[in-house]
Each structure stands twice: as structure tokens, then as C-alpha cells.
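Asks: my questions concern the predicted model and sequence given below.
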Amino acid sequence: MFEIRKSHERGHFNHGWLDSYHSFSFAEYYDPQHMGFSVLRVINEDRVAAGTGFGTHPHRDMEIVTIILSGELEHQDSMGNGSIIRPGDVQRMSAGTGVTHSEINPSSTTGVHLLQIWLLPEARGLTPGYEQKSFSGESYLNQFALLASRHGDHGSVTIHQDVKLYRAKISQHSTLKHTLSPSRKAYLHIIDGALMVNDHYQLSAGDALKVSGENELSLVAQHEAECILFDLPH
């Protein structure tokens, strides 16, 4: 079974310093039909203006994954971590029993474009944790690179949930296939470009596809395209 969620159907708020699209209900955006998918709770596509950002704020009982698409983001948290996250980097923060952090665009001239992803953890009250790794563009060119997984397989960051998160960039007119388990769900989010999925579903930037009960995804890029794919528990 497939269900398309078009980009323009997402929640959208432009606060000036922050231009944000919400795939699922978040903050002021509430849609009871889109509260999450399996354990995937949030995909926010954020553009943060130069010299601005999210001041110190709390989280708990959530696995938070940040992917920088362009620009840079400066992170500080109550665990003592401080870093700059750049394109190709994947950051995982396990909020667990509670953390506070800030996310600021350190540039005075350039915006930052990012995806922030929230996943429900396998248990409440976990010990907070932090991890950051870098993935080269070649690692996910015309293949699915594993960015995050339960056991940190293949150099991925470790998340406390039975989820695999992949990223791929597909050259124009190329085909990329991925095997699925019919007993699980999948969620495909298009970052950029245009894809035809399983010869039937046309997707472009910001679109998403919910998948359940299927054996395979076949992605054909009409134009160079980039996407993330979640393998999720049913």
C-alpha cells in the first residue's frame, strides 16, 4: 500500500528568521490525520536566517536526528557538547530523561537549510546521549547509505529504536532499488529533484510516500534527486 503526501499539504510557517515545513503535527500546526507514521513523529524542513536560531530549550523522551543540507548550525547542550554541524553531518541527540540545547546559525551572511527528525524511543527515561558523524556525498551516490540504526551498523549513528534511516542521491535517469520487508513500514521523503517510484508514483521535493506491505521500492530519477528513507516497525 502506498500513500502520497504532497509538499504543499505540509504545515508551513514563515516567522521571518525561520521558514519551516512540518510533515507531521508540530507546534502551531495540528492535523489529527498526520500525527506521525509508526515511530516517526517529526520531519521539519527548516531554513534558518543568518545570525539567528533556536535559543536554549528543553527536550525529553525523544530521539532527535538533524541533517544539514546547506549552511552550518552551531549546537550547545546541557550534556557539555558543543559542535558545528555541516552538510554531510548527521547529529543524533537522545533526550531521554531531559536535556536542554540551543541551535544557532553562526554565519552573519548565509542561511542554513536542514531536516530535523524526531523518533519515539523504545523506552522512556533513557540516559541522554549525543553523537555526530559525517558522510561524504560519494557514500550515498546511487546507493542507500545507512545514516542511523539501532546498533550503529555500517558506521551509522545509534538510535534507541528499531529504525534504519538511509540517504541517497540518484543521478538523472538512473534507477535505485531497495528491498523492503512486508511486515514493516517505510517512509520516503524527497529532499530535492524528481522521482518516479514503482512506475506509478511521481514525487518531487518536499513530497513523501508512506509504504506498508510492500517488497521493494524502485526509484527512477527524472532529474538528479535526493531522498531519505525510513525502515520502520509496523
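Replies: Cool, the structure landed.
Asks: could you check how far the closest residue to Ala49 other than its chain neighbours is from Arg41?
Replies: Leaving aside its chain neighbours, Ala49 sits nearest to Trp17 (4.6 Å; criterion: Cβ to Cβ, 6 or more residues apart in numbering). Placement of C-beta: from N, CA and C, glycine included. Look at Trp17 and Arg41: by Cβ to Cβ, to the nearest Å, they are 24 Å apart.
Asks: which of these two has more neighbours?
Replies: Arg41 (19 against 15; other Cβ atoms under 10 Å).
Asks: does that one touch Leu119 like I think?
Replies: Yes. Applying Cβ atoms under 8 Å, one finds Arg41 in contact with Leu119, separated by 6.4 Å.
Asks: between those two, which contacts overlap?
Replies: Met62 (Cβ atoms under 8 Å, 6 or more residues apart in numbering).
Asks: can you give me the buried ones in the strand ranked longest in the chain?
Replies: Longest strand of the chain, by residue count under DSSP state E: strand 216-232. Neighbour-count burial for strand 216-232 flags 217, 219-221, 225-232 (criterion: 16 or more other Cβ atoms under 10 Å).
Asks: sheet partners, orientation included, of that strand?
Replies: Strand pairing for strand 216-232, using DSSP bridges, gives strand 164-170 (antiparallel), strand 175-179 (antiparallel), strand 185-197 (antiparallel).
Asks: the helix or strand following the last one packs against which elements?
Replies: By that I understand strand 185-197. As assigned by DSSP states H and E, the chain's next helix or strand after strand 185-197 is strand 201-204. Packing partners of strand 201-204 (3 or more Cβ pairs under 8 Å, 6 or more residues apart in numbering; DSSP states H and E): strand 2-5, strand 185-197.
Asks: got a markdown table for these, with distance to His154, mean neighbour count and mean pLDDT too?
Replies: Output for these, formatted as a markdown table (distance: least, Cβ to Cβ, whole Å; neighbours: other Cβ atoms under 10 Å; pLDDT from 0 to 100):
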| stretch | distance to His154 | mean neighbour count | mean pLDDT |
| --- | --- | --- | --- |
| strand 2-5 | 27 | 16 | 97 |
| strand 185-197 | 18 | 20 | 97 |
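Asks: distance to Ala95 added to the ones you listed, as JSON lines?
Replies: Formatted as JSON lines, the helices and strands packed on strand 201-204 follow (distance: least, Cβ to Cβ, whole Å):
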{"stretch": "strand 2-5", "distance to Ala95": "26"}
{"stretch": "strand 185-197", "distance to Ala95": "21"}
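Asks: of all those strands, which one comes closest to Glu103?
Replies: strand 185-197 (19.3 Å; Cβ to Cβ).
Asks: what does that closest one contact?
Replies: Counting by Cβ under 8 Å, 6+ apart, 2, 23, 37-38, 40, 43, 69, 115, 170, 180, 202-212, 214, 217-234 sit against strand 185-197.
Asks: one more time with 6 Å, if that's ok
Replies: If you take Cβ atoms under 6 Å, 6 or more residues apart in numbering as the criterion, strand 185-197 is touched by 37-38, 40, 43, 180, 202-205, 207-212, 219-232, 234.
Asks: gap between it and the chain center?
Replies: Computed by Cα atoms, centre = their mean, to the nearest Å, the chain-centroid distance of strand 185-197 equals 12 Å.
Asks: what are the C-alpha coordinates of that strand, in CSV please?
Replies: Taking C-alpha atoms only, strand 185-197 is exported to CSV below (Å, rounded to 0.1, in the frame of the first residue of the first chain):
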residue,chain,number,x,y,z
LYS,A,185,6.6,0.1,7.1
ALA,A,186,8.7,2.6,5.1
TYR,A,187,8.6,6.4,4.7
LEU,A,188,10.3,8.1,1.7
HIS,A,189,10.9,11.8,1.9
ILE,A,190,12.2,13.7,-1.2
ILE,A,191,14.8,16.3,-0.4
ASP,A,192,15.4,17.6,-4.0
GLY,A,193,14.7,16.7,-7.6
ALA,A,194,12.0,14.4,-9.0
LEU,A,195,11.5,10.6,-8.7
MET,A,196,9.1,8.0,-10.2
VAL,A,197,8.5,5.3,-7.6
